[in-house]
Structures are given as C-alpha cells and as structure tokens.
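J.: Below is the sequence, then the predicted model.
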Amino acid sequence: MNVRSKLFVMMVLEIFVWGAWQPKIFSYMDLLGFHDWQPPLVGSAFGIASLLGIFFSNQFADRNFAAEKFLAFSHTVGGLALLGAAFQHEFWPFFLCFLVYAILYVPTISVTNSLAFAHLADPAKDFGFVRMGGTVGWIVAGWPFVFLLADKQGPELVDATKWIFIVAALASFAMALYSLTLPHTPPRKDATGLDRLAWMRAARLLGVPFVFVLFVVTFIDSFIHNGYFVLSDGFLTKRVGIGANMSMVVMSIGQVAEMATMFVLGSVLARLGWKWTMIVGIFGHLARFAVFAFFPDARELIMRSSSCTASATRSSSRPSTSSSTPSSRRTSVRARRVSSTS
Amino acid sequence: MILGVGMVLASAIFPELKASMVKDGATDWQTLFLVPTGLAALGVMLMAFFFHPPSRRPADAAAVAH
C-alpha cells in the first residue's frame, strides 16, 4: 500500500470512531433519561477537550511523542473509555468515561492531519484525497446501525443504542493497531521557541476587519452546524418518522454530498472566489433548516436538503479539506489559525 | 472553533431551546428550527455586506507597487 493510501485508511478509521456515536448521542441520552444540565455537559465534554487540544496537541504532543505511537496509545485508552460509556446508565460514570475518551480522542484529530502533511510528497495536491477518507469513515460508520437498531423499540432500543459506543470502541482499537503500521513521525522539537506564541499571533489577526468578520461568521456557522447534530436525530425519528436504524444513514447523505463538493470546490473557488463560495455554503445551512422548519412532512425533500448544505459549508469554512492549490492552502493555514483561537 | 466553542454552546443551548419550545405537549420543531435558520441568514448577510478581503496578498501588492 503506498503512503497516500495508508493515510487515507488512517483517516477512514479516525473519523469512523467519531461518526459512530455523534449523530445519536443526544437521542441516546434522552433514552437513558438524562435531563436538564446533563446532556449539555456531556455534549460540552468533546468541545472542552477540543479547546484543551488546541494547546495540548500543538504545544505538547507534537513536540514530545512520535505521532504514530501517540495515536496508538490514545486510541487504545480511548477505546476502553468508550466501552465503559457503553455500559453505564447512570449519569456520572457515563460522563466520566465519555470525558476521558474525549480528552484522548480530540488531539488525535490534529495529529492525524500533521502526520499526513509530514509524509505526503505533495500535501497541497494530495491532502484533499487523504482527508476524504474521513468523510468515507463517517458515512460507513452509520451502516452497522441499520442492522443493530432495526425493529428495536422501548428497552430494546436503549440496549441496542449503546452499540454506538461499542462500535466506536472497536474502531478505536483497530485504529490503535493500524497506527503502529503508519510511517514513523518523530516529535517536532521547537527550535526557535516562536511556535509557542503561534496562538497569540493568530489572535492578533482578529484586529484585521475582514478576519474578524470571518471569525464571527465561522462561529455562527459552527454553532448551527453542531446544533444540527444535537437536534437532527430526534427530529428525523420522532417528527419525520424515519426509523431509528436509518437516521444515521440519512444524515450521512451530507457526507456523500461533501465528497462531490470537494471535486468541484476548486473550480467553484476559482469562479466565485472565497467570499461568495462561503456565502453559498452558509446559505446551504439556511436552506436546510428552513426545509426542516416548513416542510417536516416532505421526507424526500428533507433527505435532499441534508445533502446540499453542510457539505458546501464545511468545504468552504474548513479549508483543511478544501482546494489543493498552494495559494489556497496558505490562506487555509491562516484561516485555520484564526479559527483555532476561539 | 467548530469542535470547541461552537460545540460547547450548541450542546448547552439547543437542548434548552428544544425543552422550552413545546406546543400541544410535543416539540415545536418549526419554531425551533427557525433559530438556526435566522442565524444562518445573519451569517449570509454579514459575509455579503461586511466581508471584504484584500484582492491581493500583501506580498503581491508590494510587488505590484514596485
């Protein structure tokens, strides 16, 4: 297997772990009877780990551990934590297991990106293909549940839905083993010390008006993007009437569209430019939620709207997955720094 | 951003909104989804009217000036 293909499979497994539980976790917590502040706290665990990860992965993990060994360790312990979460029905044990998993998993997202960039002969050209593995992983993650959740109701559904964590754990263990076959990526030592201040330099960019507007709009986009995952499974199953075993498949239509978007994104960017491409992407969110609000009985329209929106938004507002031209990649790096400061 | 603050706030705010927007004993999905619809509209307008990136990178602009 050549390096590009190896890294592609790495991304498949990496994002499969995430995609197995994300779409259904809020519905699962409803089934467990978690209420009031409890689901938000669980939802925040991943976000808090992400904020910690900005400093941990870039400021510590990258500089002290070989990337492939860091991935193997994190996914092994993270997988055990996911298994723990699967068998907990009381809030605090569940939350603690999930928090441990989140703290270990989140840094691996940026470490896999770093590892890919370190070993691709032409990152600007090849990273898009490698990153597409993540999209494939998310799509595939929904399919086991077509069978695992089929015809389940009541207590059986609660028991079956815990498999979102078991499947994620199995993928995590697979990723841990696979990580040991990845190209050796030694720790990056901070020779000049300037990298420690990268987040401060990025924060200063917010003084530039157009960067500040981009920051605010990206924040709005990320808020509603995550709101989609909080609300959609419950909406699709309880209001639209899609079976519990099919809701993840329906939601993954967006990822299929994302892959198609990646193919045309370069030419769209060349034709419309960054500004109007991102406006089209954000308008996709508007269109999707408007369809959910006003046409909840139109199942086919809802499935189509699931596809046409987040893909464009994510591809334009998450530049690491987007166009492969060198200039757009440099813009991507700067935009990514600004995005990370929040 | 997407993983961090956006996820934390969405996890905190959307469940509360869902619990508060109830009609005839069931979730009022229409009103609930109007919230992200409106926010997306705000994002579109902010980008359209206030996002004015430079047409050239600073290095290119300096090269042209010389």
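T.: Cool, the structure landed.
J.: where does chain A dip in pLDDT?
T.: A:54-59, A:62, A:189-199, A:307-342 (pLDDT under 70).
J.: Report the spatially nearest residue to residue A:27, omitting neighbours in sequence.
T.: Spatial nearest neighbour of residue A:27, chain neighbours left out: residue A:233 (4.4 Å); criterion: Cβ to Cβ, 6 or more residues apart in numbering or on different chains. All C-beta spots, glycine's among them, are computed from the backbone N, C-alpha and C.
J.: Wait, that neighbour touches residue A:21, no?
T.: No - under the criterion of Cβ atoms under 8 Å, residue A:233 is not in contact with residue A:21, lying 11.2 Å apart.
J.: Burial check on whichever residue of chain B sits closest to chain A, number of neighbours?
T.: Nearest residue of chain B to chain A, counting by Cβ to the nearest Cβ: residue B:11, 2.4 Å away. The number of residues packed near residue B:11 is 25, by other Cβ atoms under 10 Å in any protein chain shown.
J.: Helix or strand: which one has it?
T.: helix B:5-20 (DSSP states H and E).
J.: Would you mind checking which helix or strand in chain B has the lowest mean pLDDT?
T.: helix B:58-65 (a mean of 55; mean pLDDT, DSSP states H and E).
J.: follow-up on the earlier one: what is the helix holding residue B:11 packed up against?
T.: For helix B:5-20, the packing partners by 3 or more Cβ pairs under 8 Å, 6 or more residues apart in numbering or on different chains; DSSP states H and E come out as helix A:38-56, helix A:209-234, helix B:29-50.
J.: out of these, nearest to residue A:257?
T.: Checking those against residue A:257 by Cβ to Cβ gives helix A:209-234 as the closest, at 13.8 Å.
J.: Please tell me I have it right and residue A:142 contacts residue A:248.
T.: Yes - assessed by Cβ under 8 Å, residue A:142 is found in contact with residue A:248 at 3.4 Å.
J.: So which of these two has more stuff around it?
T.: Neighbour tally, residue A:142 and residue A:248, criterion other Cβ under 10 Å: the higher count belongs to residue A:248, 28 against 24.
J.: For that one, give its distance to residue A:138.
T.: 10 Å (Cβ to Cβ, to the nearest Å).
J.: wait, what's in contact with the residue nearest to residue A:27?
T.: A:23, A:24, A:26, A:27, A:247, A:248, A:251 (Cβ atoms under 8 Å, 6 or more residues apart in numbering or on different chains).
J.: Mind doing that once more with 10 Å?
T.: With contact set as Cβ atoms under 10 Å, 6 or more residues apart in numbering or on different chains, residue A:233 has these partners: A:22-28, A:30, A:242, A:244, A:247-248, A:250-251.
J.: Residue A:26 now?
T.: A:34, A:39-40, A:42-43, A:229-234, B:11, B:14-15, B:18.
J.: Same check on residue B:8?
T.: Going by Cβ under 10 Å, 6+ apart, residue B:8 touches A:40, A:41, A:43, A:44, A:45, A:46, A:47, A:48, A:50, A:51, A:223, A:226.
J.: And residue A:139, by the same measure?
T.: A:12, A:15-16, A:19, A:248-249, A:251-256, A:258-259.
J.: which among these end up buried?
T.: A:12, A:15-16, A:19, A:248-249, A:251-256, A:258 (16 or more other Cβ atoms under 10 Å in any protein chain shown).
J.: As TSV, these with distance to chain B and secondary structure would be great.
T.: Output for the buried ones among the contacts of residue A:139, formatted as TSV (distance: Cβ to the nearest Cβ, whole Å; DSSP: H, G, I helix; E, B strand; the rest coil):
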residue	distance to chain B	secondary structure
A:12	19	helix
A:15	12	helix
A:16	17	helix
A:19	14	helix
A:248	18	helix
A:249	21	helix
A:251	15	helix
A:252	18	coil
A:253	18	helix
A:254	15	helix
A:255	15	helix
A:256	20	helix
A:258	14	helix
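J.: tell me which of the residues you listed is nearest to residue B:32?
T.: For the buried ones among the contacts of residue A:139, the nearest to residue B:32 is residue A:251 (17.3 Å; Cβ to Cβ).
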